[in-house]
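> Build me a structure from this.
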Amino acid sequence: MSGHGTSIEKGARIAQLILNEEDGILGKKVELIVLDTQSDPSVTVDRTKELIEKHDVKLLIGTGTSASSLAAITPATEKKVPFIYSLDGECKTCSFGDASSVSTSVWGSGFTERMIVEPYLKYLEGRFRKSQDDDFKVFFVGGDYVYPRTTNAYAIEVAKKLGFTILAEEYTDMSTKDYTPVIRRILDENPDLLIVTNPGAAGVSFMRQALQLELNEKVVIGGFATFDQEAIDAMGNASEGVFVVNRYSKFLNNTQNDEFLKLYSEKYSNDNLMPGPTAAAGSFGSIMLAAKAFNQAKSDELIDFRRHMNGAEMMLPQGPVRVNPDNQIFEQHVYIMQIRDQQYNLVQDLGIQIHPNFEGCSVK
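Next up, the predicted model:
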């Protein structure tokens with residue numbers, strides 16, 4: 001299972017522990033059925049059908065990739081089982097064939113690029129612009145893959161709207177071994193900000209080589225999913241100092257987070273760098289909110305669950321969360337954080353962010 005998949009399961013186990021110490025859901029103990037989608041959309045369809053038809057699940061949580069989450073939507077919708085996709089990414093809550101109406105079965109607990117990019121870029125400009133007379137120059141680098149291109153396309157659109165100068169938008173093959181040429185071009189361009197969107201192992205390789213060439217000492221580096229907590233574990237000290245934006249840090253100061261961390265550390269005592277947002281907010285938070293909706297509905301029927309899920313509010317380890325009843329995407333705080341010792345250290349709370357309507361919905 002992928003790092004994200006493992007985090008989803010661990011967060012869900014903590015939710016199961018808390019709920020079963022009380023009355024469970026609808027008076028029944030919570031049982032978790034965990035199946036590996038192998039990050040493959042076709043496998044995801046089969047696993048989703050198996051969960052519904054063989055195991056009679058009443059709630060679906062996942063997955064580790066955007067493509068797999070999209071694949072799970074069709075069987076979930078056909079069988080009328082609520083599905084909460086737990087990772088950050090583009091909006092997926094619109095209806096098939098109608099991007100202006102909301103799905104009957106799908107909720108998004110993560111933030112979207114529409115929720116984070118503009119406040120993130122504004123913060124970095126405010127902090128690192130050399131002077132009001134100078135342009136704020138940004139260099140975008142990523143892997144030649146769907147996520148980097150779509151993320152960068154929106155970020156560049158926002159950056160141009162803010163009046164930034166885009167120095168370059170450069171993509172490398174995902175199998176690239178030597179990033180020295182592109183790193184030297186970045187150094188030559190001398191941007192105020194470098195946005196890195198190389199995914200997975202490519203991001204790890206790029207950042208390790210960037211460290212060797214001391215790029216981090218000369219350029220402010222930022223990014224999005226490239227620097228998920230699961231990814232920076234593999235980067236070692238190569239991610240040191242990077243500025244990120246996310247919905248959760250283990251250093252958030254609230255009672256719910258204290259309780260969550262206590263249970264997590266007891267159950268996963270060797271997991272020093274975790275939990276990250278995927279476990280704490282993605283699965284744990286999603287299940288706790290869904291449990292509240294089921295129990296208030298006093299029913300596991302989708303129509304009843306939906307009535308109580310939409311508009312639901314709850315204090316979670318990440319802070320206060322509300323389910324937007326119009327697009328079924330969680331409204332939540334997002335935070336500027338800087339990576340120190342492979343951990344998300346809080347810099348600034350950007351406040352509650354709301355996804356606009358169904359902008360950027362990828363369901364077709």
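> Next, the residue nearest to E113 when sequence neighbours are not counted: phi, psi?
Residue nearest to E113 in three dimensions, not counting chain neighbours: Y154, with 5.0 Å by Cβ to Cβ, 6 or more residues apart in numbering. For glycine as for every other residue, the C-beta is placed from the backbone atoms N, C-alpha and C. Main-chain torsions, Y154, degrees, to the nearest 10: phi -70, psi -40.
> Please report the number of neighbouring residues for Y154.
The tally of other residues near Y154 (other Cβ atoms under 10 Å) stands at 17.
> ok, it - contacts?
Each residue near Y154 by Cβ atoms under 8 Å, 6 or more residues apart in numbering is listed here: E113, R114, V117, G360.
> Same question for stretch 51-63: list its buried residues.
L51, I52, V57, K58, L59, L60, I61, G62, T63 (16 or more other Cβ atoms under 10 Å).
> show me where the protein has helices.
3-21, 41-53, 66-79, 113-128, 146-161, 180-189, 200-212, 215-218, 229-235, 255-267, 277, 286-297, 302-309 (DSSP state H).
> okay, those, which one's buried deepest?
Stretch with highest mean neighbour count among the helices of the chain: helix 277 (a mean of 27; mean count of other Cβ atoms under 10 Å).
> Tell me which residues are up against that helix.
Taking Cβ under 8 Å, 6+ apart as the rule, helix 277 contacts D88, D228, Q229, N246, R247, Y248, Q318.
> repeat for stretch 352-364
With contacts defined as Cβ under 8 Å, 6+ apart, stretch 352-364 is touched by 66, 70, 73, 90-97, 99-100, 102-103, 106, 108, 111-116, 119, 154, 320, 322, 324, 326-327, 329, 331-334.
> now these: which count as buried?
66, 70, 73, 90-95, 99, 102-103, 106, 108, 111-116, 119, 154, 322, 324, 327, 329, 331-334.
> Determine which two of the contacts of Y154 are furthest apart.
V117 and G360 (10.8 Å; Cβ to Cβ).
> How about T165: what's its closest non-neighbour residue?
Closest to T165 by Cβ to Cβ, 6+ apart is D135, at 4.2 Å.
> wait, doesn't H55 sit right on V34?
No - using Cβ atoms under 8 Å, H55 is not in contact with V34; the gap is 10.5 Å.
> Could you check how far the lowest-mean-pLDDT helix or strand in the chain is from the centre of its chain?
When each helix and strand of the chain is scored by mean pLDDT, DSSP states H and E, helix 229-235 comes last, with a mean of 87. Averaged C-alpha coordinates place helix 229-235 at 14 Å from its chain's average position (Cα atoms, centre = their mean, to the nearest Å).
> Repeat that for stretch 88-104.
17 Å.
> Kindly report the same for stretch 246-257.
Averaging C-alpha positions (Cα atoms, centre = their mean) puts stretch 246-257 15 Å from its chain's average.
> In that stretch, which residues are buried?
For stretch 246-257, using 16+ other Cβ under 10 Å, the buried residues are N246, R247, Y248, S249, K250, L252, Q256, N257.
> Can you add distance to N190 and give the residues you listed back as JSON lines?
Listed next are the buried residues of stretch 246-257 as JSON lines, based on distance: Cβ to Cβ, whole Å:
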{"residue": "N246", "distance to N190": "28"}
{"residue": "R247", "distance to N190": "32"}
{"residue": "Y248", "distance to N190": "34"}
{"residue": "S249", "distance to N190": "31"}
{"residue": "K250", "distance to N190": "35"}
{"residue": "L252", "distance to N190": "35"}
{"residue": "Q256", "distance to N190": "44"}
{"residue": "N257", "distance to N190": "40"}
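> out of those residues, what pair is the most spread apart?
The span of these, defined through Cβ to Cβ, is set by N246 and Q256 at 17.0 Å.
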